[in-house]
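Engineer: got a predicted structure plus its sequence, pasted below:
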Amino acid sequence: MRKFNCIFSCLMLVCATTIAQQKAGFFPSDKKATRETIALYKNLQQLKGKAVLFGHQDDLAYGVGWQYEKGRSDVKDVSGEYPAVFGWELGHLELDSAKSLDQVPFEKIKEFIKFGYEQGAINTISWHFTNPLNGKSAWDVTPGSVASILPGGSRHDTYVLYLDRLANFLKDLKGKKGEPIPVLFRPFHELTGNWFWWCQNVCSPDEFISIWRFTADYLRNKKGIHHLLYVYNTAEFNSREQFLERYPGDEYVDMVSFDSYQHQNAITEKGNDFIRQIDSRLKMLDEVAAEKGKLTAFAETGYEAIPQADWWTKVLLPALKKYKPGYVLVWRNAGLMKDTGKMHFYAPYKGQVSEDDFKKFFADPDIWFLKKTKAANLYKLKNP
Ligand code: BMA
């Protein structure tokens, strides 16, 4: 009997702890999340406020002046290490195309994701996907597009087909033991902007929330995909209310984030507007995340072509050290763009003016690249 009582008490304790942890946000929003996904989520919760993982979009695929050189990375060329977070873009996957809208073959993206995972890094996915309403690009802003893909909408079936293709891709992401590779999925990103067909100027908060929930429910319940952590992502925002206006709910989000870029004209005589803006946004983000028990990220940032030699330590680093978002990701190193004739890159390469400053940024103990991240063993449950 005593033994029974003891087992019973232990069980109660385990249940109470689990419920408390769930409340405190120590479980992914997907209650059927895979083992590695739970581990990643919990480990990132543990790292909260301690480290900022550094990320780069398309890092392994190409850099300024090169493409598909095995093992190469502009970040590694400069710092000696790979980033801790690899960003990948799935635009055009929905069209069953072999290459992304940035011309990276999807088969290669799968390989890079596997490589990143095996190295102990984190992979995150964005999706600039075609407007199902009219076949135009993600940058089309025809009003009513989101309404048209909701259940009962005229283009709902097309959207479901797109999701099926996405699901097939995600199902192919498997580790050595066949385990699904966890991914930070950042759909419908920059929602407070006015440039994508899912942005705030062309759909209502209700429509946005409904399509987000439909998407997660479809992937989880119909497709059995449980290796995603969902990243809610805005562009510019100036209040908590604005940030949360389209928040789909705690059961549908694991991480809150925003994107902000510095533009040359952000530097005024009165000071650097960008520094002030990201300071106030990172502060609001922290407050929201603390309240909801969610993770945080500065999901996209950078200064195109990095014309300021000390941008890393003077602009980005102080903000990161003050608020410590879970990760920060700079956008892709595409190099010279044929359409605009402009250089399009956000991480330095060898010889670039901010190279030395990036090395100082790299040396900061709070900013993690691959080595420390690998040592943290993010896919292993420490206290299961
Ligand atoms: C943008 C630019 C584009 C690219 C898109 C999706 O910010 O880098 O050239 O096609 O992201 O990756």
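Structural biologist: Looks like it came in fine.
Engineer: residues from the stretch 251-384 of the chain in reach of the ligand?
Structural biologist: Residues of the stretch 251-384 of the chain found near the ligand (Cβ under 6 Å from any ligand atom) are Trp331, Arg332. (Each C-beta comes from the backbone N, C-alpha and C, glycine too.)
Engineer: which residue does the stretch 251-384 of the chain have closest to the ligand?
Structural biologist: Arg332 (5.4 Å; Cβ to the nearest ligand atom).
Engineer: that residue: which element?
Structural biologist: Using DSSP states H and E, Arg332 falls within no helix or strand.
Engineer: the residue of the stretch 1-150 of the chain at minimum distance from the ligand: neighbour count?
Structural biologist: Proximity of the stretch 1-150 of the chain to the ligand (Cβ to the nearest ligand atom) peaks at Glu89, 4.2 Å away. Other residues lying near Glu89 total 21 when counted by other Cβ atoms under 10 Å.
Engineer: going forward, the N-terminal residue is numbered 14.
Structural biologist: Let's use 14 as the start, then, which means that last one is Glu102.
Engineer: what's the pLDDT at it?
Structural biologist: Here the pLDDT value assigned to Glu102 is 98.
Engineer: now Phe39
Structural biologist: Looking at Phe39, its pLDDT is 84.
Engineer: so what's it up against?
Structural biologist: By Cβ atoms under 8 Å, 6 or more residues apart in numbering, the residues touching Phe39 are Tyr54, Lys55, Gln58, Gly306.
Engineer: same check, this time on Lys337
Structural biologist: Lys61, Gly62, Lys63, Ala64, Val65, Asp379.
Engineer: also Gly157?
Structural biologist: Leu146, Val215, Cys216.
Engineer: for the stretch 14-163 of the chain, what lies in contact range of the ligand?
Structural biologist: Glu102, Gly104, Leu114, Asp115, His141.
Engineer: thinking again about what came up before, ok, now which ones touch the residue of the stretch 264-397 of the chain closest to the ligand?
Structural biologist: Residues near Arg345 by Cβ under 8 Å, 6+ apart: His69, Gln70, Asp71, Gly100, Glu102, Asp115, His357, Phe358, Tyr359.
Engineer: let's go with 10 Å and repeat that
Structural biologist: By Cβ atoms under 10 Å, 6 or more residues apart in numbering, the contact set of Arg345 is 69-72, 74-76, 87, 100, 102, 115, 117, 315, 357-360.
Engineer: what about those residues, which are in strands?
Structural biologist: Judged by DSSP state E, those include His69, Gln70, Tyr75, Gly76, Gly100, Glu102, Gly315, His357 as members of strands.
Engineer: which one of those is nearest to Ala388?
Structural biologist: Ala388 has its nearest neighbour among the ones in strands among the contacts of Arg345 in His69, at 19.7 Å by Cβ to Cβ.
Engineer: assign a three-state SS to the nearest residue to the closest one once chain neighbours are set aside, would you?
Structural biologist: For His69, ignoring the flanking residues on the chain, the nearest one in space by Cβ to Cβ, 6 or more residues apart in numbering is Pro96 at 4.5 Å. Under DSSP: H, G, I helix; E, B strand; the rest coil, Pro96 falls in the coil class.
Engineer: check which helix or strand the closest residue in space to Trp79 that isn't next to it in sequence maps to.
Structural biologist: Once flanking residues are discounted, Trp79 sits nearest to Arg85: 6.3 Å by Cβ to Cβ, 6+ apart. For Arg85, there is no helix or strand it lies in under DSSP H and E.
Engineer: thinking again about what came up before, dump the contacts of Phe39 into TSV; add secondary structure, neighbour count and pLDDT as well.
Structural biologist: Below are the contacts of Phe39 laid out as TSV (DSSP: H, G, I helix; E, B strand; the rest coil; neighbours: other Cβ atoms under 10 Å; pLDDT from 0 to 100):
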residue	secondary structure	neighbour count	pLDDT
Tyr54	helix	24	98
Lys55	helix	19	97
Gln58	helix	18	97
Gly306	coil	17	96
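Engineer: closest to His202 out of those?
Structural biologist: Looking across the contacts of Phe39 and measuring by Cβ to Cβ, the closest to His202 is Tyr54, at 19.7 Å.
Engineer: gap between that closest one and Lys121?
Structural biologist: As judged by Cβ to Cβ, to the nearest Å, Tyr54 and Lys121 stand 27 Å apart.
Engineer: do the same with Gln70
Structural biologist: Counting by Cβ to Cβ, the gap from Gln70 to Lys121 is 14 Å.
Engineer: Val215 too?
Structural biologist: Using Cβ to Cβ, one obtains 33 Å as the distance from Val215 to Lys121.
Engineer: where along the stretch 64-213 of the chain do the helices fall?
Structural biologist: 87-92, 119-131, 158-162, 169-184 (DSSP state H, counting those that start in this stretch).
Engineer: which stretches of the stretch 14-163 of the chain have low pLDDT?
Structural biologist: Scanning the stretch 14-163 of the chain for pLDDT under 70 picks out the ranges 14-38.
Engineer: circling back: can the helices of the stretch 64-213 of the chain go into a markdown table with extra columns for mean neighbour count?
Structural biologist: Shown next, in a markdown table, are those (neighbours: other Cβ atoms under 10 Å):
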| stretch | mean neighbour count |
| --- | --- |
| helix 87-92 | 22 |
| helix 119-131 | 18 |
| helix 158-162 | 23 |
| helix 169-184 | 17 |
